[in-house]
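3D, please:
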Amino acid sequence: MDRYPPIAEHGMVGDLQTAALVSSGGTIDWWCTPRFDSPSVFASLLDSERGGHCGLAAESPDGDGMTVRQLYLSDTAILVTRFMAPGGVGEVADFMAPVDSPAPTGTHRLVRVARVVRGSLPFAFTCRPRFEYGRAPHQLSQADDHSALFRGPGTDLHLQSTAGVALLADGDDINARFTLSAGEAAAVVLTSTTGGDPAPPSPSFEEVADTLETCRAFWLEWLRSCSYQGRWQDIVNRSAITLKLLTYRPSGAPIAAATMGLPEQIGGERNWDYRYTWVRDASLSVRALLDLGFQDEANAFRRWLRGRIEDKPVASADPLQIMYRVDGDPHLTEEVLDHLEGYLGSRPVRAGNAAADQLQLDIYGEASDALIVGGDFGAIRGWKALSDVLDWLVDHWDQPDEGIWETRGGRQDFTYSRLMAWVAFDRGVRAATEFSRPADVARWTAARDTVFRQIVERGWDDRRRAFVQHYDTDVLDASLLLMPRVGFVSPRDPDWLTTLDAMDEELVSDSLVYRYDPKASPDGLRGSEGTFNLCSFFYVEALARSGRLNEARHAFDKMLTYANHVGLFAEEIGPSGEQLGNFPQAFTHLALVTAAMALDEELDKARTGPRRGRYGYHRGHPATHGLTVPHKAGHEGDPRG
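Modelled structure (predicted):
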């Protein structure tokens, strides 16, 4: 554990094209450049010896105890690590100025500012880049004591320092030691460029300070668009900033997480590369941002999504692929990086993602919802492309697939996949009717109703009084927590309430929710995993919509205690409350946002009565169009509760 800080002991900084993780000890142990999905320059999080890192931290001059705290400057992506020792108090501010441009850039700058606010403290700096996931050697050259160039294959890393920080060669790496007293500050700047580009101008400290203020102003201005004014303002703002940081500005495509290879179980094999754009995750992320008032981000992703639908850049014959690179490239060949030991020995470490070749039919529902609910399907050409997709789905929805969780244990008739096929047809029918668009409405309506009947008949288990994972099992699946949200069933329908009760018994551990039980429903992988944060927040939303407000609020408050020290979440929570999986996870943060908004709305309704939205339904809650699950024997009363 001394070589690998806990996953949660990190903050993230980024410039909207790439992102870096900074440990609470002041070490950059993850950075890929020039894009999120580029090979790493620093990856000691996956191999403490071979991965490379950049450390900047204060030291206690007398060897006495050092207290370290990390925080974000409020409502920004500027990360501050504070060092408090008997000899003084110092801090390191890490940030990347946002590259708010539609054009990809090859130059990215990570700035580290050290200062002392009380007393006097020595600082130690190390820079040990390891290019191409630690596979490629580099060459070091120095023009003077304040600049160095690390030249790797296709990428150069320029290191520059301000006055007072002399950079000393240590083999092919760089070290520095310097002391600051109260009121003094210094900076080191790491600039990545494509190979052969000229070195950036030497920075003055005044220029660095101006850049920091510009970065702060960017984030404060961006958050002014946020319409959320609820009970959990700070954590919702942090989640919104995190979702923004995980979005590739040139294309508008959000990635699932900033990292690859972080384990769902320590020592296990569930170590995936999440630096890509999943149609499902991105569609849900953008819906969360849209609900918060961030229209520009929603529009940018929908343009990207329309491009995938219209241009059909896929490696198979299907209209959509489940994931793409941030620029829309569908090729994500998976390889195992055998030279990396993995986080705490968790191997294999994978780059790329073979799940890109899977059939996951639910993506057509999420994509249709993202495009149609906002009325942004791209005029006639976009509508034609979307209509072609829905026509294809009419002929292909009724087949086994790998499902939302990308299991590698064989295809099944997953209920969630059918649910989202219903969503695709439902949204298509609604749009064709509302906007008078030419479409085979009768065919889509018939398909929607057929899917509905099939789910009710085959996705329901009479013995368990619950909807189940797939048609050949009685195992439950937390993805079905979205059934009320997408409008398939009323949140107070008796059969939904018994499903929720069954999940309480089988999948819920306190406020934490498992996706499914892999022992009861083998997924083709060894080992186990923690509870899934996405599902835990969806559970909060389902509780709130079902009227169990006290339970919902209690579960939400407890979930917030699993956030790390700066408000970030990984993918999962382990048995001892530790964060597991890739970090930070967009899925988790979008679900946190939707849970907070749903809980706010239901708490407000309990006091003042419901507010109505555009279609006459509760604001923030998708329309159900009068559909409820037909009652089974023994159920009485109004399905609307």
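
CA atoms for contacts and neighbours, from now on please.
Will do.

centre of the chain to the longest helix belonging to the chain, how far?
If you go by DSSP state H, the chain has its longest helix at helix 586-608. Centroid displacement of helix 586-608 relative to its chain, using C-alpha atoms, centre = their mean, to the nearest Å, is 18 Å.

pull the CA atoms of that helix into PDB?
Provided in PDB are the C-alpha atoms of helix 586-608 (Å, rounded to 0.1, in the frame of the first residue of the first chain):
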ATOM      1  CA  ALA A 586     -19.000   9.500 -15.100                       C
ATOM      2  CA  PHE A 587     -21.700   6.900 -14.600                       C
ATOM      3  CA  THR A 588     -21.600   7.400 -10.800                       C
ATOM      4  CA  HIS A 589     -21.600  11.200 -11.000                       C
ATOM      5  CA  LEU A 590     -24.500  11.400 -13.500                       C
ATOM      6  CA  ALA A 591     -26.500   9.100 -11.200                       C
ATOM      7  CA  LEU A 592     -25.700  11.300  -8.200                       C
ATOM      8  CA  VAL A 593     -27.100  14.300 -10.100                       C
ATOM      9  CA  THR A 594     -30.300  12.600 -11.100                       C
ATOM     10  CA  ALA A 595     -30.800  11.200  -7.600                       C
ATOM     11  CA  ALA A 596     -30.300  14.600  -6.000                       C
ATOM     12  CA  MET A 597     -32.800  16.200  -8.400                       C
ATOM     13  CA  ALA A 598     -35.400  13.500  -8.000                       C
ATOM     14  CA  LEU A 599     -35.100  13.600  -4.200                       C
ATOM     15  CA  ASP A 600     -35.300  17.400  -4.200                       C
ATOM     16  CA  GLU A 601     -38.400  17.300  -6.400                       C
ATOM     17  CA  GLU A 602     -40.200  14.600  -4.300                       C
ATOM     18  CA  LEU A 603     -39.400  16.400  -1.000                       C
ATOM     19  CA  ASP A 604     -40.700  19.600  -2.400                       C
ATOM     20  CA  LYS A 605     -43.800  17.900  -3.700                       C
ATOM     21  CA  ALA A 606     -44.400  16.400  -0.300                       C
ATOM     22  CA  ARG A 607     -44.500  20.000   1.100                       C
ATOM     23  CA  THR A 608     -46.200  22.000  -1.700                       C
END
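
how much space between Gly55 and Asp2?
15 Å (C-alpha to C-alpha, to the nearest Å).

higher neighbour count, those two?
Gly55 (18 against 6; other C-alpha atoms under 10 Å).

is that one bridged to anything, and to what?
Beta-bridge pairing for Gly55 (DSSP bridges): Thr27, Thr126.

ok, it - contacts?
26-28, 124-127 (C-alpha atoms under 8 Å, 6 or more residues apart in numbering).

separation between the nearest residue to Leu79 once chain neighbours are set aside and Arg238?
Nearest residue to Leu79, sequence neighbours excluded (C-alpha to C-alpha, 6 or more residues apart in numbering): Tyr72, at 4.5 Å. As for Tyr72, its distance to Arg238 is 9 Å (criterion: C-alpha to C-alpha).
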